[in-house]
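S.K.: with the sequence up front, the predicted model follows.
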Amino acid sequence: MPFQICAAAPVSLLRPLAELYGCSEEDLSPTAPQLGAAWTARNSADELLGLLALRFSSPAYGAEVMGGVWTEQERGEVALALLRSALAEQPLLYAYADETHWPVQALSDAGLSPVSAYLQRSGPLPQLHLEIPTGFRLLPLSEVSDPADRWAAQEGYSDLIGHTHVTAEATAPNAAGSDDTLGCLAYSPQGTAVGVCRVWQEADGISLTTPAVRPEARGIGLREAMLAWVCARARRRGLHHITLESWGDSEADQAWDAGLGLTLKVHTPIYAPAR
């Protein structure tokens, strides 16, 4: 089946992107300004076989590959051609290895390999008894009013693949419907903000992304202490369930999370070119 790859205006692809992801164009509107380049694959009848848009959202890993291929005929070849077009424009990128959108073999043939993963775990709220590292302090986010501290703590995600640039919206009080009375911010012995954990209350539990910890405060048990603090806070409120998500966490952190007794619901590898 002959097909052609053509550059496209990203804004013109919002409707097929929304159809591909099963959402509305309005849901994608916050993402639209971050789309910097795009390509389509069409057959000789001008039917859309697939599309790829680059979302320039990652501080350390360039652009996220969005879109996918929905033709079954020569699916791998179409995906590979789209990926090669993107890599020629933007060598620093990453993609989620979800067979629904991008065949894993096409990602490999394009020179990408697994570097981390998106994980979602859920289950009963774990009972953790961990000490906060000496000299560090954890405060409820509701007691942190300095925007600079919130921003600095949020930057703990910046070098992890899958996370996006810090924004004022992400650091605002109760951002995106989170509950600042359940979340926490970590201060170093020197009084600098080095970590944050935002929490959303659900019907009978909480949902959260694993804590952001700046590089200088990693490997000392702070991340684990923050999770223990959040779980204890939720339990005192009478909550019993947790949904824990992570993007780009280290293998050691993923292994620690696996020991929490939660059920692994989603495991999507994240692929990127060798660096």
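M.R.: Great, that's in hand.
S.K.: please enumerate the helices of the stretch 1-150 of the chain.
M.R.: 14-21, 25-28, 75-89, 104-109, 147-154 (DSSP state H, counting those that start in this stretch).
S.K.: reformat those as JSON lines; add mean pLDDT.
M.R.: Formatted as JSON lines, those follow (pLDDT from 0 to 100):
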{"stretch": "helix 14-21", "mean pLDDT": "93"}
{"stretch": "helix 25-28", "mean pLDDT": "91"}
{"stretch": "helix 75-89", "mean pLDDT": "96"}
{"stretch": "helix 104-109", "mean pLDDT": "97"}
{"stretch": "helix 147-154", "mean pLDDT": "97"}
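S.K.: between these, which gets nearest to Ile270?
M.R.: helix 104-109 (10.1 Å; Cβ to Cβ). (C-beta placed from N, C-alpha, C; glycine too.)
S.K.: for that closest one, enumerate the helices and strands it packs against.
M.R.: helix 75-89, strand 263-273 (3 or more Cβ pairs under 8 Å, 6 or more residues apart in numbering; DSSP states H and E).
S.K.: list the buried residues of the first one.
M.R.: Put plainly, it is helix 75-89. Buried positions in helix 75-89, judged by neighbour count with 16 or more other Cβ atoms under 10 Å: 75, 77-87.
S.K.: for those, which one is nearest Thr167?
M.R.: Taking the buried residues of helix 75-89 together and measuring to Thr167 by Cβ to Cβ, the closest member is Ala86, at 24.4 Å.
S.K.: mind listing residues that contact the biggest strand by length in the chain?
M.R.: Counting by DSSP state E, the longest strand found in the chain is strand 112-124. By Cβ atoms under 8 Å, 6 or more residues apart in numbering, the residues outside strand 112-124 that reach it are 83, 94-97, 160-162, 240-249, 254, 257-258, 260-274.
S.K.: partners of it, with directions?
M.R.: Strand 112-124 sits in its sheet next to strand 241-247 (antiparallel), strand 263-273 (antiparallel), going by DSSP bridges.
S.K.: most tightly packed of those strands?
M.R.: strand 241-247 (a mean of 19; mean count of other Cβ atoms under 10 Å).
S.K.: identify the bridge partners of Val213.
M.R.: For Val213, the beta-bridge partners are Gly195 (DSSP bridges).
S.K.: pLDDT value on it, please?
M.R.: pLDDT for Val213: 98.
S.K.: in this structure it contacts Ala186, no?
M.R.: Yes: using Cβ atoms under 8 Å, Val213 is in contact with Ala186, at 7.3 Å.
S.K.: so what sits against both of these two?
M.R.: 194-195, 222, 226.
S.K.: just to revisit the earlier point, can you redo the helices and strands packed on helix 104-109 as TSV with distance to His101?
M.R.: TSV is the format used below for these (distance: least, Cβ to Cβ, whole Å):
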stretch	distance to His101
helix 75-89	9
strand 263-273	10
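S.K.: near Ser29, how many other residues are there?
M.R.: 11 (other Cβ atoms under 10 Å).
S.K.: same question, Trp102
M.R.: Counted with other Cβ under 10 Å, Trp102 comes out at 27.
S.K.: and if you look at Ser142?
M.R.: Residues lying near Ser142 (other Cβ under 10 Å) number 15.
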